[in-house]
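Undergrad: build the 3D model from these lines:
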Amino acid sequence: MANVRVERTDDGGFRATNARGAEVRIGGGDEDGVFTPVELLLAAVGGCNIVTVEPLTAQRNKRLVRLEMTVQAEKVEQSKLGPVTVAYDVELPSEDARAVFEAVAHRVHEKYCTVSRSLQEGTEVRLELP
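TA: Residues are numbered from 1 along each chain as shown. The predicted structure is shown next:
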C-alpha cells in the first residue's frame, strides 16, 4: 500500500512526508520553493515512467547517456486537467538503442506505470471524514 501524510506546517505552509522520511513542500503557484498539487501529480507521472524506463533500458545494455522528460497538462476547467503529455528528451548511446528505448517507453506507458495507468483508467478517490 502507498501512503503519504500531508499536513499544515507551523509556518502556514504544507508538506507531504512518507514513512522513509522524504519530504516535499506544497503550496500555491505564487510561492517560491514549493510544488503545487498539480505539479506533484505531473511529477508523479514523470517519475513513475522514468524510474521504470531507466533500469529496463540498462538491463538491455542500452543505458541512455541522458534521460530527461517534461510532463505537462493544461487546465480545461477550473479544477480539471486536460490530457497529460510526457515528452522524453534522451541521448542514445548508439542508434541501435533507439528501438530498445522506444519499445521500453511504450511498454512502461501502457502497462507498468501505475500512476499513468491509474489516471487513464480513472481511479476512484474516496473521502473519509472523522
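Undergrad: element containing the nearest residue in space to Ile50 that is not next to it in sequence, please.
TA: Take Ile50 and drop its neighbours on the chain: the residue closest to it by CB to CB, 6 or more residues apart in numbering is Met69, 6.0 Å away. Quick note: C-beta positions are derived from backbone N, CA and C, even for glycine. Counting by DSSP states H and E, the element that carries Met69 is strand 66-72.
Undergrad: put the alpha carbons of that strand into CSV.
TA: What follows is strand 66-72, C-alpha atoms only, in CSV (Å, rounded to 0.1, in the frame of the first residue of the first chain):
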residue,chain,number,x,y,z
ARG,A,66,20.9,11.3,-20.9
LEU,A,67,17.4,10.6,-19.8
GLU,A,68,15.0,13.5,-19.1
MET,A,69,11.4,14.3,-19.7
THR,A,70,8.9,17.1,-19.5
VAL,A,71,5.4,16.4,-18.3
GLN,A,72,2.7,18.9,-18.9
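Undergrad: distance from the chain centre to it, please.
TA: In terms of CA atoms, centre = their mean, to the nearest Å, the centre of strand 66-72 is set 10 Å apart from its chain centre.
Undergrad: report all helices and strands that that strand contacts.
TA: Applying 3 or more CB pairs under 8 Å, 6 or more residues apart in numbering; DSSP states H and E, one finds that strand 66-72 makes contact with helix 37-59, strand 85-91.
Undergrad: okay, these in JSON lines with mean pLDDT, distance to Phe101 and mean neighbour count next?
TA: Below are those laid out as JSON lines (pLDDT from 0 to 100; distance: least, CB to CB, whole Å; neighbours: other CB atoms under 10 Å):
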{"stretch": "helix 37-59", "mean pLDDT": "96", "distance to Phe101": "6", "mean neighbour count": "17"}
{"stretch": "strand 85-91", "mean pLDDT": "97", "distance to Phe101": "6", "mean neighbour count": "14"}
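Undergrad: re earlier: looking at the strand holding Met69 now, give me its mean pLDDT.
TA: Across strand 66-72, the average pLDDT comes to 97.
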